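1. got a predicted model here, sequence first, then my questions.
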Number of protein chains: 2
Amino acid sequence: MPERADAARNRAAILRAAERLLAENGRVSVEEIAQAAGVGKGTVFHRFGSRAGLMRALMETRVAHLTEAIETGPPPLGPGAPATDRLSAFLDAVVDLATRNVALVAAYEEEERQAGGVYQYWHRHVSTLIAQARPELDAELLAHILLGALHSDLVLHLVRRGDTGRLTATLRELVARLLSPR
Amino acid sequence: MPERADAARNRAAILRAAERLLAENGRVSVEEIAQAAGVGKGTVFHRFGSRAGLMRALMETRVAHLTEAIETGPPPLGPGAPATDRLSAFLDAVVDLATRNVALVAAYEEEERQAGGVYQYWHRHVSTLIAQARPELDAELLAHILLGALHSDLVLHLVRRGDTGRLTATLRELVARLLSPR
DNA sequence: CCAGTAACTGGACCGACGGTTCACTTAGTG
DNA sequence: CACTAAGTGAACCGTCGGTCCAGTTACTGG
């Protein structure tokens, strides 16, 4: 038995409410989300397990199309382009995603402290690309540092100043200098 | 009138207790700290204003000697050495400090979201050095990214694997590639 | 169409925590 | 030694994530 119709309806309502509230105000309690979705708090926990689970689900829907583009889309985001180009394209895409969903990314980070989920997937992607381009570097660690540039604190700071273009530019510069032969 | 003797005694007791508990367990509530220090919770808030204030005070005592070394100590940490060397020396010092106080740094980060305090001071230092070495780069942003490599999440991850040497090495490599002429 | 049932629902409740209040105590002063 | 301002701490508050459980409801097999 897949999922009861009312359950599916409520799940969708919860996700929609959470997304809206998160975009409007910065921080939102689970109770507020439940109320806005027209359900009880218990229902939210029944469906998503915890606040973290809800944030993860939210994040995953938002990230799904990027994941697909990476795995099966056209180059340079998808397979086929040189590692350096793929890395730049990926970072561009993530900067874009992060700047357009600051509150969600912040809420997500507050829970899943880089264990499992989206972060780990991104880390492996970046790490692999670095290792392909320059096998002698500490790809794993550099991937953490590069992704650290997307921490919500910094992005929020830049968004407030309307300066997100700097982030894209600097990351490209960084990748170029890091991955080009000396 | 400077500070009453009993007040000074209690302040010291609170700081000592907080430091100890933070090193032993990861997270500590203000009440636990107060109890361990043998005072009431109200006293802690009266002295430090908030949990964040307590963490800041704690952090500042831990960081004082590094600040002094930067401002008036001998090169390469202090003034006098080339910017690149000073930057490397500084990052080494901060990695060392962070790895030996993971829990404290984590607790501090949880509060002061890079507004004012220690982080801002470090950021200006790094930013200035980068600008001196390579004026055409976006020093301010790169400083944020470099300091992002010291986020407690990453440091904790490395400390657990006994791998902190990699962080120092990679940061040196990064600085070298970033600040050397192409 | 109906009865059985398992999944779903939601509001009351819980424990933890950061922070506030205020009546009381105590260290320093003239 | 009395006065007072600073200091103290325990009771209290609001919020929040999470749990419980009695009642409800969507599907299913007869």
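-> Perfect, thanks for sending it.

2. which residue is the nearest non-sequential neighbour of the residue in chain A that DNA strand C sits nearest to?
-> Per CB to the nearest atom of the strand, A:Gly40 is where chain A lies closest to DNA strand C, at 1.6 Å. Placement of C-beta: from N, CA and C, glycine included. Distance criterion CB to CB, 6 or more residues apart in numbering or on different chains; nearest residue to A:Gly40, sequence neighbours excluded, is A:Ala34 at 6.1 Å.

3. what's the pLDDT at the one you found?
-> On pLDDT, A:Ala34 comes in at 96.

4. residues making contact with the helix or strand hosting it?
-> Assigned by DSSP states H and E, A:Ala34 belongs to helix A:30-37. By CB atoms under 8 Å, 6 or more residues apart in numbering or on different chains, the residues outside helix A:30-37 that reach it are A:10, A:13-14, A:16-18, A:20-21, A:40-41, A:43-45, A:51, A:54.

5. report the two of those residues separated the most.
-> For the contacts of helix A:30-37, the maximum inter-member distance is 19.8 Å, found between A:Arg20 and A:Phe45 (CB to CB).

6. could you check the pLDDT of the residue of chain A closest to DNA strand C?
-> For A:Gly40, pLDDT reads 90.

7. tell me how many other residues crowd A:Pro79.
-> Residues lying near A:Pro79 (other CB atoms under 10 Å in any protein chain shown) number 12.

8. quickly find the element holding it.
-> Assigned by DSSP H and E, A:Pro79 falls outside every helix and strand.

9. what residues does it make contact with?
-> By CB under 8 Å, 6+ apart, the neighbours of A:Pro79 are A:71-72, A:86.

10. and it, what are its phi and psi?
-> Main-chain torsions, A:Pro79, degrees, to the nearest 10: phi -70, psi 150.

11. one more: A:Gly49?
-> Dihedral angles (degrees, to the nearest 10) for A:Gly49: phi 80, psi -50.

12. what do you get for A:Glu3?
-> phi -150, psi 130.

13. and the residue nearest to A:Gly40, how many neighbours?
-> 21.

14. residue contacts, whichever residue of chain A sits closest to chain B?
-> Nearest to chain B, among the residues of chain A, is A:Gly148, at 3.8 Å (CB to the nearest CB). Applying CB under 8 Å, 6+ apart to A:Gly148 gives the contacts B:145, B:148-149, B:151, B:154.

15. recalculate using a threshold of 6 Å.
-> Taking CB atoms under 6 Å, 6 or more residues apart in numbering or on different chains, we find A:Gly148 in contact with B:148-149.

16. now it: how far from A:Val155?
-> To A:Val155, A:Gly148 is 11 Å away according to CB to CB, to the nearest Å.

17. do I have it right that A:Phe48 meets A:Leu54?
-> Yes - the pair formed by A:Phe48 and A:Leu54 meets the contact definition of CB atoms under 6 Å, at 4.1 Å.

18. look up how far A:Leu15 lies from the residue of chain A closest to chain B.
-> 28 Å.

19. same check, this time on A:Ala64
-> Distance from A:Ala64 to A:Leu15, by CB to CB: 13 Å.

20. pull out the buried positions in the lengthiest helix in chain A.
-> Counting residues, the longest helix in chain A under DSSP state H turns out to be helix A:51-72. For helix A:51-72, a neighbour-count test (16 or more other CB atoms under 10 Å in any protein chain shown) marks A:51-52, A:54-59, A:62-63, A:66, A:70 as buried.

21. just how off-centre is stretch A:150-170 within its chain?
-> From the chain centre to the centre of stretch A:150-170 is a distance of 15 Å (CA atoms, centre = their mean, to the nearest Å).

22. run the contact check for it versus chain B.
-> Yes - residues of stretch A:150-170 contacting chain B under CB under 6 Å from any CB of the partner chain: A:153-154, A:166, A:170.

23. residues from chain A in reach of chain B?
-> Counting by CB under 6 Å from any CB, the residues of chain A near chain B are A:113-114, A:138, A:141, A:144-145, A:148-149, A:153-154, A:166, A:170, A:177-178.

24. that concludes my questions; thank you for your assistance.
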